[in-house]
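**Q** model this:
(chains A and B)
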2 protein chains.
Amino acid sequence: MKQLGKHIILELWGCEKEALDDQPGIEKMLVDAVKACGATLICVKTHKFSPQGVTGVAVLAESHISIHTWPELGYAAMDVFTCGAHVEPEDSITTLKEFLKPSHIDVMDIKRGNIVE
Amino acid sequence: MKQLGKHIILELWGCEKEALDDQPGIEKMLVDAVKACGATLICVKTHKFSPQGVTGVAVLAESHISIHTWPELGYAAMDVFTCGAHVEPEDSITTLKEFLKPSHIDVMDIKRGNIVE
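**A** This is a model prediction of the structure:
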């Protein structure tokens, strides 16, 4: 079985509240995470909600990285979806941890585009 | 158990090859899908690859919808991730089917942000 894409779903709990509400900081984290996993950035878009919360998406040549934050709960929902053997989504996790400082992460690994050879 | 978000992962196979390579058409499909599931569009970004393939992300007030296409394989990887009781990701599927015309869809339903009450 060949797979076209690797998709990791990250549930980050106990994150630093300020980081979860820091739009420019999250944008930089996304750009750094793209580099860390060897992907190619096409564009990055972030949006700050009121009273709190940030949404961010990095569009990649190899799919996307997304984040949605709930500062009041210390929670961030992230997806790192990449295709191509040269990109490894797990390599982005250290970068995410350094900025968001979660106390706990649940990781789900989903194989996308499964093809019977 | 309360969940913050509903995330459906869609593996669309046997899609119409032209539709999978139609950047403006995919952009319109994303906008229509956002309306269909009752979400609020912040912005939509699409990118056309050469020789083929389109990536698109609709950034929502309620998370995101994404698509990555492989026209040569008739395959599209989509995610519809929404939060809030007023938005139902499954309501977008009819719109996606009408445009991409898949012969087969695998749907995975993932609960995001599970909180023990």
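**Q** A:Glu117: neighbour count?
**A** As a burial measure, A:Glu117 scores 4 neighbours (other C-beta atoms under 10 Å in any protein chain shown). The C-beta positions use only the backbone N, C-alpha and C, and glycine is treated the same way.
**Q** near chain B, which residues of chain A show up?
**A** A:4-5, A:7, A:9, A:11, A:42-43, A:45, A:47, A:49, A:55, A:57, A:59-61, A:63-64, A:66, A:68, A:70, A:73, A:75, A:77, A:79, A:81, A:83, A:108, A:110, A:112-115 (C-beta under 8 Å from any C-beta of the partner chain).
**Q** again, 6 Å this time
**A** Chain A has residues A:42, A:45, A:47, A:57, A:59, A:63-64, A:66, A:68, A:75, A:77, A:112-113 near chain B, with proximity defined as C-beta under 6 Å from any C-beta of the partner chain.
**Q** Including distance to A:Thr94, secondary structure and pLDDT, could these go into TSV?
**A** Below are the residues of chain A next to chain B laid out as TSV (distance: C-beta to C-beta, whole Å; DSSP: H, G, I helix; E, B strand; the rest coil; pLDDT from 0 to 100):
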residue	distance to A:Thr94	secondary structure	pLDDT
A:Ile42	23	strand	97
A:Lys45	23	strand	97
A:His47	25	strand	97
A:Val57	21	strand	97
A:Val59	22	strand	97
A:Ser63	20	strand	93
A:His64	19	strand	97
A:Ser66	18	strand	98
A:His68	21	strand	98
A:Tyr75	20	strand	98
A:Ala77	19	strand	98
A:Arg112	23	strand	96
A:Gly113	26	strand	94
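**Q** those helices in chain A, which residues are they?
**A** A:17-20, A:23-36, A:93-100 (DSSP state H).
**Q** Bridged to A:Lys48, which residues?
**A** Listed by DSSP bridges, the beta-bridge partners for A:Lys48 are A:Val54.
**Q** do A:Leu12 as well
**A** What pairs with A:Leu12, by the bridge criterion (DSSP bridges), is A:Ala76, A:Ile105.
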